[in-house]
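Participant: Build the 3D model from these lines:
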Amino acid sequence: MPTRKPATADALQDPALLRRLLRAKDRMDACSHEDWPVSRLAEVSGVSEAHFARSFKRAFGVPPHRYLLTRRIEQAVTLLRDTELAITDIAFVTGWESLGTFGRIFRDITGHSPSAMRVQARAGVDALDRVPACVLKAAQRPDLTIAVLEKRRRGAKGTVRPSSTKEVT
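Facilitator: Reported below is the predicted structural model:
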């Protein structure tokens, strides 16, 4: 009897599924300012919501929502550096519904407020003129390997109680 590979390995090697996941990822990239609930992404991919969420995380290393946050923050940093748009306008252009939410999550992810990031990004703009945009974008990509709430919890050094009653080891 031949040995079978685990289902997760099969799923990651399925070219049709990977194309479907890339289709959803490309849509998020092109329209990161829009709402992208898992139901909409699953519809774009032609798979169930649960299967999409599991497969996306397995294929790209982060859940779909976290990927979208990364794209929005990347775009906001670029706009802060390269334009004179007001921070409020940047928040709405990049898909945030509230300036407060934008500022809080921006600070949680980057470690700086949007206005401080604008000053910092513009201070080194001359030195970065010779760096290709794709390399610059990759180097400045926010690290969202952990959830924003977990990042906030770690930053507060245990002052924020876990949302579940289970104890994490």
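
Participant: Got the domain ranges for the chain?
Facilitator: 7-61, 66-152 (automatic domain parsing).

Participant: Just put these in TSV and tack on mean pLDDT and mean neighbour count.
Facilitator: C-betas here are computed from N, CA, C, even on glycine. Listed next are these as TSV, based on pLDDT from 0 to 100; neighbours: other C-beta atoms under 10 Å:
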stretch	mean pLDDT	mean neighbour count
domain 7-61	89	15
domain 66-152	83	15
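
Participant: in this protein, which spans are helices?
Facilitator: When assigned using DSSP state H, the helices of the chain occupy the ranges 7-12, 15-30, 38-45, 49-60, 64-82, 87-93, 99-110, 114-123, 125-128, 133-139, 148-155.

Participant: Now the terminal residues of stretch 60-67, how far apart.
Facilitator: End-to-end distance of stretch 60-67: 9 Å, with C-alpha to C-alpha, to the nearest Å as the criterion.

Participant: In this structure Lys25 contacts Lys57, no?
Facilitator: No - Lys25 is beyond contact range of Lys57, at 12.0 Å (criterion: C-beta atoms under 8 Å).

Participant: Was I right to think Leu68 contacts Arg27?
Facilitator: No - checked against C-beta under 8 Å, the pair Leu68 and Arg27 is beyond contact range at 10.5 Å.

Participant: so what sits against both of the two?
Facilitator: Shared contacts of Leu68 and Arg27, defined by C-beta atoms under 8 Å, 6 or more residues apart in numbering, comprise Trp36.

Participant: dump the residue contacts of the closest residue in space to Glu49 that isn't next to it in sequence.
Facilitator: Using C-beta to C-beta, 6 or more residues apart in numbering and skipping residues adjacent in sequence, the residue nearest Glu49 is Ala42, 4.4 Å away. Contact analysis of Ala42 by C-beta under 8 Å, 6+ apart lists Ala24, Ser48, Glu49, His51, Phe52, Ala53.

Participant: Fine, thanks again, bye for now.
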